[in-house]
Structure formats: structure tokens, C-alpha cells
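Trainee: here is the input, now give the coordinates:
(4 chains)
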There are 2 protein chains.
Amino acid sequence: MPRPRSLTQDQIAAAALAVIDRDGLAALSMRAVAAELGMSAMALYRYVGDRQEVEGLVVELVLGGVDVSSPPGTSWRERVTTLVGRLRDQVGAHPHIVPLTMTHRHRSAGVLRWSEAVLGILAEAGLAGADRVVALRGLLSYVIGAVQLEHLGPLSGAGTTVFAGLAPADFPYMAETAGHARLVGADEEFYGGLAIVLRGMCDPLA
Amino acid sequence: MPRPRSLTQDQIAAAALAVIDRDGLAALSMRAVAAELGMSAMALYRYVGDRQEVEGLVVELVLGGVDVSSPPGTSWRERVTTLVGRLRDQVGAHPHIVPLTMTHRHRSAGVLRWSEAVLGILAEAGLAGADRVVALRGLLSYVIGAVQLEHLGPLSGAGTTVFAGLAPADFPYMAETAGHARLVGADEEFYGGLAIVLRGMCDPLA
DNA sequence: CTTGTAGGCGTACGGCATATACCTACAATT
DNA sequence: AATTGTAGGTATATGCCGTACGCCTACAAG
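Mentor: Next up is the predicted model:
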């Protein structure tokens, strides 16, 4: 008998994501999302239990959009690279959500689907048992860390030493690295690191 | 002429860390830290500019405590493993700060010192130029990601599928992996993944 | 046309970060 | 010993936040 629902969870997620993309993560609030949807803040609570659930919906919206099919006719390393790259691209399209992806990673169906796809490829490559578990964790760790390094401020350079109140001269390697880093693009860095991880799998330790 | 300062930044950081360790990250507030120190909330603002600065001090306290000397007489891989392990241990002693380490990583002198030490070892190992940059980023990405995976909830398993409202049967690999994961300890997983990363460095791509 | 369910809203509470204005302890000066 | 200016500490207040509660009302089933 009751009045029909006027909102889907996707609409809520999209509204929250719009707020985040426009005004940053700190601006995400129940009031802001409600305003984005043209409702009062309390109306939102008919659709979600609390703020955390809204955050979860945003993460799911972004991470659920990753295509987990892998290109046929290529090596397993290439296929994993494709999946890893898609995950990175999806997050990169909404950099502000990076901290959210961490907090809500463990309840995201999108991450689950992605992991399942990667495991399939690793299995085809001949990895099984504990080796496969460790390989997946290694890949996941790398992507998570790399995405955050990429989007949560510069890794090094003058900015860091200035903030920390330290002399750049005390950190010769970092100074030199910062110079190189400026020349190495973000893509080369990301895929270069990924290549290291992939190279370390399967081949016996020298 | 003025009245002398009665607090050091270390004391503030220690108080904030005590609050976090005892009541969790969500309980960190200017009021809580001030109470821990036996002062009014506003007195804190004589020593720090804002809440973010308190968070930065906590990160620095924890990350600055990492010993960055490396054991002599061992291979470069072993030495890097030692440094990576120390970083992991330090964060592991205060798991609640994990999200903070991310948000404040780029202004932490501790991370800078750690990176400098790792770069020194990599340089000795013969890595230079862009290779060395990529190697450091790869290592840093791995540690960051792995520490978070370890402390921010289970990676997979029944819990995840239940939360996401999905059937475990749709994720055969993840189901199997979850079974293995229960057998593989956190240490083996962490150091196994690190071995993969280290193995991928230096050796030419097959 | 009635009716009960559930949608939407207004209000209110307690907690947060923090700006402002004040009082006061104290060390340097007299 | 008295004075004084700097800076430490506090009280108060503003405007956010999440969200509990209670009301009104739109709407579909009967």
C-alpha cells in the first residue's frame, strides 16, 4: 500500500560521488548529499543506515565499474597488467576517493570480482596453493600502495624536506631521486613497478 | 620574559597516540588529547596549528622510531627486507594509525629517512637512475599496501561475500584462496610478497 | 472513499574544530 | 621588591557535523 521509493542506491552513490569530485572528500556529508539530491538530510536515512553506508556505495560505484574481462590471446602477465591498469584508471578518475577505497575495501563486491578474475589468470599461469595466495596479495598490495602514492601527495622532493624542517643536503639519494622522478612519468613508474612484481612471480629464485 | 612552555611536541604526540591506541582513531579529537594532557582543548592551540598537525606528530612519532641502519655483512635483499620489516613492525604496534600514515606520509621526516636508507642499499646493489626510482616506488607501494591489507579488515572469505550480498559459489577461486589464507600466516604472506618484489628487481626480464 | 504503510521533513541534541577575548603566571627589567 | 610585557591557559561562542525522534502526508490497496 505504501508510497513508492523515489531513489535508488545508485542515485545516492552518484550524488555523493559528485559532491566528492566537486568539493573534495572533506565536503562529503549527509547534508551535502541530500542537497545534491534535492532532499532534506533526514530523508536519506530512509535509504541508508548511516554515513558509512553512503561511503560504501561510492566505493562500490567506482570499483564496481572495473571491467574484469581479460584480453584473449595474450600472456598471463599482459592480462594481469590489463586488470591492474583498469583498477588504477578507475580510481584515478576520482582521486579523492582513495582513502575511502581503503576503509571500505573489505566489503566491496567490486574488489571481490576483480580479485576473482586475477586469481583465474594466475591459476592458468600455473600458480596454485599458497603461491597463488601470496601472488594475489602481492599484486593487491602493490596496486593499493601505488595508487595512494600517486594521489596522496608527492613522494619526496623539496616539498617534503621543507615541511619536515630538514636540509635536503642530508638526503643526497632522495634529492637525486627527486630529480629523476620529475623525468619519469607516473605511467612509467606505475607500470615499471608492476613489471617488477610480475617478474618476481613464477620464476625460481636465483 | 614570558611564561615558559610546559609541553613539548613529543608529549602531545604521545598523548594523541595514547588516545588512539586506547579508544581508536575515531576517538582522536582535540578535546580528547587535551584531556589526556590535563589541559583545556584550546590550550593545545598554543602548540599546534590545527588537528591535522596533531595527526602529523603522531605519524612522525611512530614512523620516526624506525631503525634505518642495516645489518652489515648481508646481501642487499636481506638488508632491504630488514628495513621493510622494521617499518611494518612499527606500524603493526599501533594498527589504528594506518589511515593516518597514508594521509600524512608525504610530510613525514621518518619516511624520508627510511627511503634514503633504502635508496642507499639499492645504489650499492647496482641500481641507478630511473631503475632505482622505480625500485624504491615499488617497494614503498608494496609496504604501504601490504600494511593496510593486513590491518584494515579481512581480504576475502565468507565475511566479504555476506556483506556484499553475493553467493560464495560465484567466486570459486576466492573461496579456495580464503581457505589457503587461513593456513598461511600473516608473516609468510608479507615476506612472501616482499620476496616476489625483490626477486623482480635487477634480474633481466625473461 | 477509507486506511495503513512508509516517504519526507523539521527540530533538537550532543560533539566536533576552532575564532575571539579574556585572565594570569612568570621572567626580565627597574 | 615592585613593575611590566609576553605568552600560557581558559571560557565562551559559532557553525558545522551525524543522527534520534516525531510529525505530516502521499499513495496504493481494499
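
Trainee: look up how far B:Val184 lies from the residue nearest to the spatial centre of chain A.
Mentor: For chain A, A:Val91 is the residue whose C-alpha lies nearest the centre (Cα atoms, centre = their mean; 4.7 Å). For A:Val91, the distance to B:Val184 equals 27 Å [Cβ to Cβ, to the nearest Å]. (Each C-beta comes from the backbone N, C-alpha and C, glycine too.)

Trainee: what of A:Val133?
Mentor: 6 Å.

Trainee: could you do A:Leu183 as well?
Mentor: A:Leu183 is 40 Å from B:Val184, by Cβ to Cβ.

Trainee: which ones are touching A:His180?
Mentor: Applying Cβ atoms under 8 Å, 6 or more residues apart in numbering or on different chains to A:His180 gives the contacts B:129-130, B:132-133.

Trainee: that one is in what secondary structure piece?
Mentor: For A:His180, the host element (DSSP states H and E) is helix A:172-183.

Trainee: cool, and A:Val134?
Mentor: Here A:Val134 sits within helix A:129-151, counting by DSSP H and E.

Trainee: that helix: how far from the chain's middle?
Mentor: Put simply, helix A:129-151 sits 11 Å off its chain's centre (Cα atoms, centre = their mean, to the nearest Å).

Trainee: for stretch A:83-94, same thing?
Mentor: Stretch A:83-94 sits 7 Å away from the centroid of its parent chain (Cα atoms, centre = their mean).

Trainee: what of stretch A:113-126?
Mentor: Offset of stretch A:113-126 from its chain centre (Cα atoms, centre = their mean): 19 Å.

Trainee: just the CA coordinates of it, formatted as CSV?
Mentor: The C-alpha coordinates for stretch A:113-126 follow below in CSV (Å, rounded to 0.1, in the frame of the first residue of the first chain):
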residue,chain,number,x,y,z
ARG,A,113,35.1,-9.7,-8.6
TRP,A,114,38.4,-8.2,-9.6
SER,A,115,40.4,-10.5,-7.3
GLU,A,116,38.5,-13.5,-8.6
ALA,A,117,39.4,-12.5,-12.1
VAL,A,118,43.1,-12.1,-11.3
LEU,A,119,43.1,-15.4,-9.4
GLY,A,120,41.7,-17.1,-12.5
ILE,A,121,44.6,-15.7,-14.6
LEU,A,122,47.2,-16.7,-12.0
ALA,A,123,45.7,-20.2,-11.9
GLU,A,124,46.0,-20.5,-15.7
ALA,A,125,49.6,-19.4,-15.3
GLY,A,126,50.2,-22.4,-13.2
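
Trainee: show me the shaky parts of chain A.
Mentor: Within chain A, the stretches with pLDDT under 70 are A:153-166, A:203-206.

Trainee: where do the helices sit along it?
Mentor: Under the criterion DSSP state H, chain A contains helices at A:9-23, A:30-37, A:51-63, A:76-92, A:98-104, A:109-124, A:129-151, A:158-164, A:172-183, A:186-199.

Trainee: with respect to burial, which of those helices scores highest?
Mentor: Highest mean neighbour count of those: helix A:129-151, a mean of 23 (counted as mean count of other Cβ atoms under 10 Å in any protein chain shown).

Trainee: against which helices or strands is that one packed?
Mentor: Judged by 3 or more Cβ pairs under 8 Å, 6 or more residues apart in numbering or on different chains; DSSP states H and E, the packing partners of helix A:129-151 are helix A:76-92, helix A:98-104, helix A:109-124, helix A:186-199, helix B:129-151, helix B:172-183, helix B:186-199.

Trainee: hmm, try it at 6 Å
Mentor: On a contact count with 3 or more Cβ pairs under 6 Å, 6 or more residues apart in numbering or on different chains; DSSP states H and E, helix A:129-151 meets helix A:76-92, helix A:109-124, helix A:186-199, helix B:129-151, helix B:172-183, helix B:186-199.

Trainee: so how far is the shortest one from its chain's centroid?
Mentor: This means helix B:172-183. Chain-centre distance of helix B:172-183: 26 Å, with Cα atoms, centre = their mean.
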